[in-house]
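[1] Sequence and predicted model, in that order:
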Amino acid sequence: MNRAIDLYCERLGPGLWGEPLNAVTNLAFILAGILLVAALRRDAAARRDPAVLGLVALVFLVGIGSGLFHTLATVWAALADVIPVALFILLYMYLALTRFAALARWGALTGVAVVLVLVTAMPLAFGFSVATYGVALAAMLGVGGFLHFGRRHPAGRRILAAAGVFALSLAFRTADLPLCAALPVGTHFLWHLLNAVVLYSLTRTMMVEGTKKA
């Protein structure tokens, strides 16, 4: 029998409900997706945009993949957890650079390639650690800062606000194991709740600011 991958404080055993709170809080991503679908119904331009529809679909897949990992805790479920997150990061990076920063396609693809290399290199060099998500945070701060302070683009402030929430989320993810003795339930569930807010906010920003000329 395969042993469950045990990475978080809350895991109580190898069964489906070994991480009950970590599993249930993935419903926050599903709720975020439902709210985004509701927003699409009110926004014809966003509804006709395949890239925005892709972001919304990825929000649902993030919730499903993370839910699978926190219940099954297998290698393939871990891949189902991280791949949708990586795809969301890369797609959003490309869209932000082309639609908000108005970079040429080659420039945007270069930026995406840099992020992809760093996201890939971090797990290979250090294991899948918080440093991997630090790349995503740095990208959000860099793009958001450039848009807000350099271009005075309204999306910049919203991306920086999402980056602030993500930084807090990352702090809770980092604190999960160190606080395990004092807080047996862990803090990883807060990573889910706050990241659902981040993905919702980023996708709504793309709907509102990124489809005006799409």
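    Perfect, thanks for sending it. Residues are numbered from 1 along each chain as shown.

[2] Show me the helices in this protein, by range?
    20-24, 27-42, 44-47, 50-72, 75-95, 105-126, 130-145, 154-175, 188-209 (DSSP state H).

[3] And the average pLDDT for the second one is what?
    It refers to helix 27-42. For helix 27-42, mean pLDDT rounds to 98.

[4] Would you mind giving the orientation angle of that helix with respect to helix 75-95?
    40 degrees (axes from the mean of the first three to the mean of the last three C-alpha atoms, to 10 degrees).

[5] list the buried ones in the helix-or-strand element of the chain with minimal mean pLDDT?
    Least confident helix or strand, the chain: helix 105-126 with a mean of 85, by mean pLDDT, DSSP states H and E. Of the residues in helix 105-126, Ala108, Leu109, Gly111, Val112, Val115, Leu116, Leu118, Val119, Met122 count as buried by neighbour count, 16 or more other C-beta atoms under 10 Å. C-beta coordinates here come from the backbone N, C-alpha and C atoms, glycine included.

[6] what packs against it?
    helix 75-95, helix 130-145 (3 or more C-beta pairs under 8 Å, 6 or more residues apart in numbering; DSSP states H and E).

[7] Now tabulate these in JSON lines and tack on distance to Arg152.
    Shown next, in JSON lines, are the helices and strands packed on helix 105-126 (distance: least, C-beta to C-beta, whole Å):
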{"stretch": "helix 75-95", "distance to Arg152": "19"}
{"stretch": "helix 130-145", "distance to Arg152": "12"}
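
[8] Comparing these by mean pLDDT, which bottoms out?
    Of all the helices and strands packed on helix 105-126, helix 130-145 carries the lowest average pLDDT, namely a mean of 91.

[9] what angle do it and helix 105-126 make?
    Using the same axes, to 10 degrees: helix 130-145 against helix 105-126 is 160 degrees.

[10] State the number of residues packed around the residue lying closest to Arg41 once chain neighbours are set aside.
    Using C-beta to C-beta, 6 or more residues apart in numbering and skipping residues adjacent in sequence, the residue nearest Arg41 is Arg47, 7.3 Å away. Here the number of neighbours of Arg47 (other C-beta atoms under 10 Å) works out to 16.
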